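Q: this is a predicted model, with the sequence first.
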Amino acid sequence: IAFVERDCGMDFRNERPELLLVCVLLFLGLGTVSGSRDDACPEIDAAEISRWQRKGDIQFDARVSENMAFHKTDKFKVQSPDDQITMIVKRGLPIDLFLHSSGDCTGKPSFWLTGGPDSSVKWLWTDYGPYPAVDPLIQSEYLKNSYYCFRLLIPSSLPVGDYDLWAESECELQGKRSPELLTKVIVIFDVIHTGSSRKEKRQVDGRLSAWEEWEYLHNDYGYLWVGGSGMVWNYAVASQTVRLARKKLEQKMGTSELRDEVLYARALSRLIPLNVLQGNWNGDYSNGIEPWQWTGSEEILSLWLERNVTVRYGQCWVFGGLLTSLLRSRGIPARTVTNYKSHHDRGLTDDRRSILRQYDKIKQSDEAVWNFHVWSEAWLPRPDLGQSADWNVVDATPQEPSPLGPGNPYRTGPAYLPYVKRNTGNPNYDTTFVTAEVNSKQYCPTRGGYVEDLIGIAIVTKKPGWAVEVYSYNNALFLTANYKNVGRNVGKRSTDDIVTLPPQHSGCRRRNGLRVSVTPESPRAGQNFKVIVTPGNSTVLLNKTVVQMAPIVYTSQSLGVVKVVQGSLEIQVSEADYLPYLRNTSIFRFRAGVYNSSGGFVFHDAVLVRLSFESMTISVAPLMTTNNSTNFSIAITFSNPLSVHLTGLVLSITAPNNEDYVNNVSDVAPGGSLFYNTTVSCGSTTGTRFILATLDATEAQRSVRGHAMVECAKSNQTIPVATFPPPTTPAGSREKGLACNMALLVLAALMFILM
């Protein structure tokens with residue numbers, strides 16, 4: 001059943017139970033529906049053999065397309081012309097080769113691989129053979145000799161990397177001939193079908209569904225939650241740039257790290273901050289690029305490859321996007337995750353694996369609780385823990401050395417998620433550090449001690465799928481229950497309590513105290529808004545109420561109290577109150593309380609307000625496809641909501657073919673609008689793609705963003721906007737499963753007739 005679900009791309013147990021019996025009958029009566037391969041060498045005529053490649057005395061067909069379809073790696077195909085003969089395969093699965101030797105070279109050939117981590121090593125197949133049908137299947141006056149079908153198993157212990165596949169024929173008279181290069185082979189991990197200790201919805205017997213497999217391995221575009229705003233992120237999984245950057249990083253890994261998925265993921269979390277991207281949290285980006293200006297992984301990796309120096313600058317979501325790209329490109333399913341109210345522990349340890357001293361309480365004065373933090377999750381088997389595959393936290397943001405101490409690298413994970421959720425205290429690969437990020441107890445003075453529902457109050461990622469609505473800030477997939485024990489504190493450990501993102505209240509409120517809220521609930525830059533104080537069950541007199549306003553950076557550090565209002569339950573906040581601070585932050589905290597007899601502030605409640613700009617609008621009109629490339633005319637519009645000029649404007653556009661265009665545009669007056677028209681191309685890319693745009697101004701800290709989804713066609717037909725998963729994606733919904741459903745029903749009817 002799991003096999004049929006995975007290959008048909010449907011979750012019968014949750015979506016189509018009426019077809020469950022059909023699957024059972026088909027599985028028992030007809031065998032596998034797809035993904036299998038015959039053991040018989042197929043009949044091939046002389047005309048087809050004549051089209052095979054020839055290397056010396058060997059004429060062969062490397063079966064690149066067929067092998068990649070069987071390995072389900074055809075989506076990884078790099079779209080560079082020089083990679084047309086490159087075969088991407090998974091460890092532990094076989095590949096088929098068709099060979100024909102001319103003359104007297106009819107002996108059994110030798111096969112081997114060279115390359116990988118050590119180019120001097122020759123990976124020789126000593127146990128292989130032709131198909132069970134080894135007798136010659138083609139004899140003709142034209143050929144005189146037979147062809148053979150060989151099946152070679154890619155060893156499961158082979159280090160991942162780029163290899164050359166060689167063959168050497170042995171002739172009766174001349175002996176062995178010179179080796180011939182058949183094809184280039186890229187070997188990736190296969191970690192999807194290894195089972196799981198958890199059974200979650202849309203996961204069957206521990207396997208990712210076809211929809212999840214496509215999303216977490218092949219989808220080039222994700223959506224990242226960055227505090228109070230979101231952005232489409234271009235992972236560019238199959239791009240040549242990502243492949244070359246990954247290859248360069250792998251040259252810095254040891255053979256053990258290239259053999260083991262867990263060690264590989266851990267190595268990437270170390271190598272990215274050490275080589276590729278420099279973090280910066282001090283607010284001065286004058287000698288680099290501001291972290292929120294990036295729109296994807298490829299532009300960062302391209303700069304790194306071009307300049308061979310660490311790119312400046314990134315913050316947690318940029319590190320997370322890079323790590324997710326590189327993991328996916330090597331066959332490890334990955335997703336980028338945002339944790340709201342994330343604790344950064346600085347404890348000491350001597351276990352040489354974890355950097356945490358104590359994860360149950362936030363105690364040290366130099367520890368912090370960030371408004372949010374972003375990391376990656378990787379789907380990995382954990383034989384080192386005696387556990388099967390599950391999600392693991394891997395974090396490339398340079399936070400603390402692991403193990404803690406001079407000379408040790410910054411790295412985090414992979415932390416096994418079920419251990420994090422159960423608070424096992426297992427220190428393996430920083431599991432306790434991640435536990436602290438989501439499950440620490442924070443001191444709450446209004447509740448008289450350490451409480452456990454203030455940290456990790458919402459943990460989110462993008463929902464699987466290509467529909468337009470999943471690329472939206474208010475349509476997140478909540479993962480909070482995967483990290484936290486829901487049963488112990490339902491109010492804060494379930495998603496029901498989270499009405500808006502980012503969460504506005506921390507949960508540290510005075511019992512029977514004042515309550516504070518904001519209207520409108522999500523104000524935008526340029527708007528005036530109100531902060532409302534309600535007495536609740538408090539007996540505080542009206543003239544005793546105090547509201548303090550303070551700008552907050554995303555690491556939760558306050559820039560100081562900038563406004564105080566006393567004796568009012570409704571506070572008007574105008575643009576003039578927050579405009580001077582928009583260059584440094586867009587987050588403001590309003591604390592409500594009273595002054596005691598000695599003049600000290602007594603805290604009751606607080607609310608966080610994140611001011612966001614209206615996004616840019618991108619209108620798309622398709623143009624005629626020329627030179628096998630779809631072109632689009634785009635019109636970008638943006639209205640300035642502020643009462644001041646927006647100056648120093650830089651408009652950056654990422655086209656569907658991942659090319660970047662940077663343009664200096666004119667200042668926009670108060671209440672004025674920006675209009676920009678240009679043409680972008682799909683290049684050689686096909687399928688559903690994004691046009692991404694960012695606008696940066698001197699007066700605002702964060703970039704204004706916009707995106708449009710387009711369809712890059714293979715022919716003269718173009719589709720300007722895609723609102724549904726394209727035909728190339730797995731069938732993961734009822735609509736997409738229609739064709740598969742019909743096929744299953746027809747086969748079931750035929751089977752019934754035969755029975």
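A: The structure has been received and is ready for your questions.
Q: state the distance from residue 321 to residue 302.
A: Counting by C-beta to C-beta, to the nearest Å, the gap between residue 321 and residue 302 amounts to 14 Å. In this view, the C-beta of every residue, glycine as well, is placed from N, C-alpha and C.
Q: compare the two (neighbour count), which wins?
A: residue 321 (26 against 20; other C-beta atoms under 10 Å).
Q: would you agree that one falls within a helix?
A: Yes. Counting by DSSP: H, G, I helix; E, B strand; the rest coil, residue 321 is found in a helix.
Q: what's the closest non-adjacent residue to it?
A: Spatial nearest neighbour of residue 321, excluding adjacent residues (C-beta to C-beta, 6 or more residues apart in numbering): residue 233 at 4.8 Å.
Q: which SSE is the one you found in?
A: strand 229-234 (DSSP states H and E).
Q: who touches that strand?
A: 220-224, 292, 295-298, 317, 321, 336, 471-473, 610, 612, 654, 658, 690, 692, 702, 705, 707 (C-beta atoms under 8 Å, 6 or more residues apart in numbering).
Q: quick revisit: how many other residues sit next to the residue nearest to residue 321?
A: 28.
Q: same question for the one 4 residues further on.
A: Using other C-beta under 10 Å as the criterion, residue 237 is surrounded by 24 other residues.
Q: how far away is it from residue 75?
A: 8 Å.
Q: give the intersection of the neighbour lists for the two.
A: 217-218.
Q: bridging residues for the residue nearest to residue 321?
A: residue 222 (DSSP bridges).
Q: let me know the pLDDT of it.
A: Per-residue confidence (pLDDT) for residue 233: 97.
Q: same question for the one 4 residues further on.
A: If you check residue 237, the pLDDT there is 93.
Q: mind listing what it touches?
A: 76, 217-220, 325, 328-329.
Q: confidence-wise, which of these comes last?
A: Scoring those by pLDDT puts residue 76 last, at 78.
Q: three-state assignment of the closest residue in space to residue 571 that isn't next to it in sequence?
A: Spatial nearest neighbour of residue 571, chain neighbours left out: residue 531 (4.3 Å); criterion: C-beta to C-beta, 6+ apart. Assigned with three-state DSSP, residue 531 falls in the strand class.
Q: residue 569 is in contact with residue 531, correct?
A: No. If you go by C-beta atoms under 8 Å, residue 531 and residue 569 don't touch, sitting 9.5 Å apart.
Q: which neighbours do the two share?
A: Contacts common to residue 531 and residue 569, judged by C-beta under 8 Å, 6+ apart, are absent.
Q: more crowded one of the two?
A: residue 531 (22 against 16).
Q: could you measure from that one over to residue 539?
A: For residue 531, the distance to residue 539 - C-beta to C-beta - is 21 Å.
Q: how about stretch 567-576: buried residues?
A: 569, 571, 573, 575 (16 or more other C-beta atoms under 10 Å).
Q: ok, stretch 651-666 next?
A: 651-658, 665.
Q: and of these, the nearest to residue 346?
A: Minimum distance to residue 346 across those is 36.2 Å, recorded for residue 652 (C-beta to C-beta).
Q: you'd agree the closest one is in a strand?
A: Yes. Counting by three-state DSSP, residue 652 is found in a strand.
Q: which stretches of the stretch 151-300 of the chain form helices?
A: Assigned by DSSP state H, counting those that start in this stretch, the helices in the stretch 151-300 of the chain fall at 210-217, 240-250, 255-259, 261-271, 297-307.
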